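*Asks:* Everything below, folded, please.
(2 chains)
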Amino acid sequence: MSDPREIGRPSGSLAAPDGILPAGTYEPEVLPAGLTRAPVGVNALATEHLIVNMGPQHPSTHGVLRVLIELDGEEVKAGEASVGYLHRGIEKLAESRRYSAVGTLMDRGDYISGIHNEMAFALAAEKLIDVEAPRRANWLRSLMAEINRIASHLVWYGPMGLDTGAMGPFLYAMRDREVLLDILEDVTGQRMMFNYVRPGGVLADITPAAEKKIRVFLETFDQYLDEHIEILAGNEIFQARMRGIGVIDRERAVGFALTGANLRASGLSFDVRKDRPYAAYSELDFSIPVAQEGDCFARFMVRMEEMRQSVRMIRQCIDGLPEGEFTAKVPKVLRPPAGEAYGAVESPRGELGVHLISDGSDTPYRMRYRPPALYALQVGESLLPGVLLADAVVILGSTDIVLGEIDR
Amino acid sequence: MLPDVTVTRRILDGVGITASVEEVAILGVVCRVSAEQARTALRAFRDSDLAFTFMVDLFGVDTGEAIDVVYHLRSLARDEELFVKAEHAYDSALTSVWKVFPAAHFPERECAELFGLKLADHPNPQRLLTTDGVPPLLRKSVRLRGPEEVRNR
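*Replies:* Reported below is the predicted structural model:
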C-alpha cells in the first residue's frame, strides 16, 4: 500500500518556501452584495432567479449563519451572508468586567477553541501590566493550545466530510476529539469553557492523570491522522468536490485580510506562532504547512498537516516541560496603567487579536476582539457568484468559520 | 516590526496630509488623520514603499468626545505594523475604504451600527449584527442595563 501521507497531497507543495508576495493588490469591481432578480417578461429570455435562504437552521452553515442565495437553476448568481444571530455583546460586557473575569467572556466567543481566545486576552493584558508568564506557564499554554487546536480541527474535519456527503469521518473525528476533551477536562476542569489561561500564567498545573492520557493519545493519534487523511483525501468523490473549487488567489487573500490556514493555503506563510512568537513557540520545533493552489483541497490538506505539526509540538511539550511556577505573582485585581496593547495568537481559524485599551481602572476601557472567521466569511461570500449550489456549501465549509466568533 | 516614523510622515506629506505620527509605548506607531483624509491616507500607505497591503482590523473606540476609528495595517513584505486613527464626530459619516481594503466591508458595517455612525460610499450600508431599533451599543452613553431592565428585575 502506498504511504497514506502521500495520498491526495497537492504536488510539490505543503513545504513551499515563504516570501512569495502577491503581485498586485486586489480591488473589487463588483459590489459585494449584488442580489438582483433577473427581469421577467417577453423581452427577457432568462429564467427568473430564485432567492433562497440557506440557514439559519441549515446543517451546513456551521452554527447560525444565514446566506441569502440568488439562484439561476443550480448556479449561484450572488450570495449575501447575514450574521448576528449569536450576538451577545462580548465587547460591551468586557467593559464592565474586571480583567480577571474577561477570560470567561472570551471563551464564549469562538467556543471551539477557548484556550486560544483566553490567551489572546491574557497576552494583551500582560503587555499592559508588564508581567511575563513563567517559563513553565508558557509551555503549558502551548501544550493546551495545541491540544485544543487538534480538537478544533477535528470539529472542522468531520463536518467537512458531511458537507461533501461522507458520514463516516464525522464519527471518527468525534471519537478522537473525545480523548482530547477528556485531557482538557482533567487539566482545566472544563470541556469547553476553560478559563484556563489567565493574565500572568495558567490556572493549574498539569495532572499526572492528564499526562498519562496525553501519552496514550500520542501513541495512537499519528496512525489515526493518517487514516483521517486517507478516508477523505484518498476518496475520488471527495477530491472531485474539493479540487479547483473556491480558488482564493494571493491578491484576494491579502485584500480580504485572510489569516491562518486559509491564507497559508493560498501560498503565503504568515503564522503568528512563527512571526510574532508567544507562549513557548520560539522554543518549539515545528514547521508551517503552506500550499499554493488556494482551492478547498489545499485548505483541507493544510489543516490536516497542521494537526501533524500540533502532534509534534505536544510531544515536545510533554517531554520537555520545564520545572517551575505555573503562574507569576499577579495582584487579584488588576489595574493596568492607561495605555493600549495588541495581543494576537494563532487560533485554529487564524490570527485572533485582542486590542485592549486601559484607562487605569480595574475594567478595560475598550476591548476589541479581532475575529478571524469574520474575514474568512467575507472571502467566502465573494467566491459565491458563479459556483454551483452544492459547491457553495463546500466553499463555506472549507473556510472553517465559527459563528460564535463572527457575532461575538 | 515598527515602521520608521519619518518615512511614514513623508508618505502622508506626499499626498498633502499633515498628520501627527508618533511612537506610542507598548502599542507601536500610531498615526492620526482627520476623518475626511482617512481614505486618502490609507491608499497612500497601501501603495507606498512600505506596502501596507494588509488591513488586520478596523474598529471604533468611544473616547468620550468622539469616535476614533482605528485602522490596523500590516506590511507583509516588511513585517511592520501601523495604526491609523481617524476621529469621527458623533453621528457623522464613516467613509468606506472597501475599495482600498476589501476586508473593511463587514467591520465598517459593524463599527457604524455599534457606534452610531452613518456609512458613506458603502456597497451595502446596513446593520451587521443587530436589528433596527437597537441603540449604538458600544457608545459609553449606552448603559449595559436599560432602565426597563433595571425596573423589571
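*Asks:* contacting residues around residue A:360?
*Replies:* A:335, A:336, A:337, A:338 (CB atoms under 8 Å, 6 or more residues apart in numbering or on different chains). Where you see a C-beta, it was placed from the backbone N, CA and C, and this is true even at glycine.
*Asks:* mind checking pLDDT for it?
*Replies:* We have a pLDDT of 87 for residue A:360.
*Asks:* Phi, psi for it please.
*Replies:* phi 90, psi -10 (degrees, to the nearest 10).
*Asks:* Using PyMOL, define a selection of the buried residues within the contacts of residue A:360.
*Replies:* Selecting the buried subset of those in PyMOL, with 16 or more other CB atoms under 10 Å in any protein chain shown as the burial test, is done by:
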select buried, chain A and resi 336
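*Asks:* quick one: the strands in the chain?
*Replies:* Let's take chain A. A:50-54, A:66-72, A:75-82, A:197-198, A:201-202, A:339-347, A:350-358, A:366-370 (DSSP state E).
*Asks:* Can you look at chain B instead?
*Replies:* Going by DSSP E, chain B shows strands at B:20-24, B:28-34, B:54-62, B:67-75, B:80-88, B:93-95, B:118-120.
*Asks:* Tell me which of those strands approaches residue A:101 most closely.
*Replies:* strand B:54-62 (21.1 Å; CB to CB).
*Asks:* Please identify the buried residues of that closest one?
*Replies:* B:54, B:55, B:56, B:57, B:58, B:59, B:60, B:61, B:62.
*Asks:* pretty sure the second one contacts residue B:104?
*Replies:* Put plainly, it is residue B:55. Yes - shown here, residue B:55 and residue B:104 form a contact pair, counting by CB atoms under 8 Å, at 6.2 Å.
*Asks:* on that earlier part again, now, which of the contacts of residue A:360 sits nearest residue A:242?
*Replies:* Distances from residue A:242 to the contacts of residue A:360, taken by CB to CB, are shortest for residue A:336, at 46.2 Å.
*Asks:* Now the closest one, what are its backbone angles?
*Replies:* phi -70, psi 150.
*Asks:* and the closest residue in space to it that isn't next to it in sequence, what is it in contact with?
*Replies:* Closest residue to residue A:336 apart from its sequence neighbours, by CB to CB, 6 or more residues apart in numbering or on different chains: residue A:128 at 3.7 Å. Residue A:128 is in contact with A:336, A:337, A:339, A:341, A:356, A:358, B:26, counting by CB under 8 Å, 6+ apart.
*Asks:* Could you check how far residue A:128 is from residue A:334?
*Replies:* From residue A:128 across to residue A:334, the span is 8 Å (CB to CB, to the nearest Å).
*Asks:* cool, and residue A:121?
*Replies:* In this view, residue A:121 and residue A:334 are 12 Å apart by CB to CB.
*Asks:* Those two: which has the busier surroundings?
*Replies:* Using other CB atoms under 10 Å in any protein chain shown as the criterion, residue A:121 and residue A:334 rank with residue A:121 on top: 28 against 22.
*Asks:* what's that one in contact with, if anything?
*Replies:* Contacts of residue A:121 (CB under 8 Å, 6+ apart): A:102, A:103, A:106, A:199, A:343, A:354, A:356, A:367.
*Asks:* Low-confidence ranges, the stretch 51-200 of chain A, go.
*Replies:* Applying pLDDT under 70 to the stretch 51-200 of chain A flags residues A:59-61.
*Asks:* Which residue ranges of it form helices?
*Replies:* In the stretch 51-200 of chain A, the helices defined using DSSP state H, counting those that start in this stretch lie at A:90-94, A:99-107, A:114-129, A:135-163, A:168-188.
*Asks:* now do chain B
*Replies:* B:5-14, B:38-47, B:105-115, B:147-151 (DSSP state H).
*Asks:* out of the strands of chain A, which comes closest to residue A:325?
*Replies:* Nearest of these (CB to CB): strand A:201-202, 7.2 Å.
*Asks:* just checking, what packs against the closest one?
*Replies:* Applying 3 or more CB pairs under 8 Å, 6 or more residues apart in numbering or on different chains; DSSP states H and E, one finds that strand A:201-202 contacts helix A:135-163.
*Asks:* Tell me which other helices or strands the helix it packs on touches.
*Replies:* Against helix A:135-163 (3+ CB pairs under 8 Å, 6+ apart) you get helix A:114-129, helix A:168-188, strand A:201-202, helix A:208-233, helix A:296-320, helix A:389-398.
*Asks:* So which bits of it are buried?
*Replies:* Residues A:135-163 are the ones in helix A:135-163 that count as buried (16+ other CB under 10 Å).
*Asks:* Give the rounded mean pLDDT of stretch B:133-151.
*Replies:* The model assigns stretch B:133-151 a mean pLDDT of 75.
*Asks:* Now that residue B:18 has come up, it's in contact with residue B:12, right?
*Replies:* Yes - using CB under 8 Å, residue B:18 is in contact with residue B:12, at 7.3 Å.
*Asks:* out of these two, which sits in the busier spot?
*Replies:* residue B:12 (22 against 10).
*Asks:* pLDDT value on the more buried one, please?
*Replies:* For residue B:12, the predicted pLDDT is 78.
*Asks:* per-residue confidence for the closest residue in space to it that isn't next to it in sequence?
*Replies:* Nearest non-adjacent residue to residue B:12, counting by CB to CB, 6+ apart: residue B:19, 5.2 Å away. Note on residue B:19: pLDDT of 80.
*Asks:* Same question for residue A:202.
*Replies:* In this model, residue A:202 carries a pLDDT of 90.
*Asks:* Spell out which residues sit in contact with it, please.
*Replies:* By CB under 8 Å, 6+ apart, the neighbours of residue A:202 are A:133, A:137, A:140, A:141, A:144, A:196, A:326, A:327.
*Asks:* same deal with residue B:41?
*Replies:* B:12, B:15, B:17, B:19, B:31, B:33, B:84.
*Asks:* I'd say the fifth one and residue B:8 touch.
*Replies:* Yes - between residue B:31 and residue B:8 there is a contact at 6.2 Å, judged by CB under 8 Å.
*Asks:* Name the residues contacting each of the two.
*Replies:* In contact with both residue B:31 and residue B:8: B:21, B:82, using CB under 8 Å, 6+ apart.
*Asks:* Number of residues surrounding the residue lying closest to residue B:27 once chain neighbours are set aside?
*Replies:* Distances taken as CB to CB, 6+ apart place residue A:340 nearest to residue B:27, at 4.4 Å, with adjacent residues excluded. Residue A:340 has 22 neighbours, counted by other CB under 10 Å.
*Asks:* The one 5 residues further on now?
*Replies:* The local packing of residue A:345 (other CB under 10 Å) involves 29 other residues.
*Asks:* what's the spatially closest residue to residue A:241 that is not a sequence neighbour in contact with, if anything?
*Replies:* Distances taken as CB to CB, 6+ apart put residue A:164 closest to residue A:241, at 4.6 Å, once the chain neighbours are dropped. For residue A:164, the contacting residues are A:232, A:237, A:238, A:241, A:242, A:394, by CB under 8 Å, 6+ apart.
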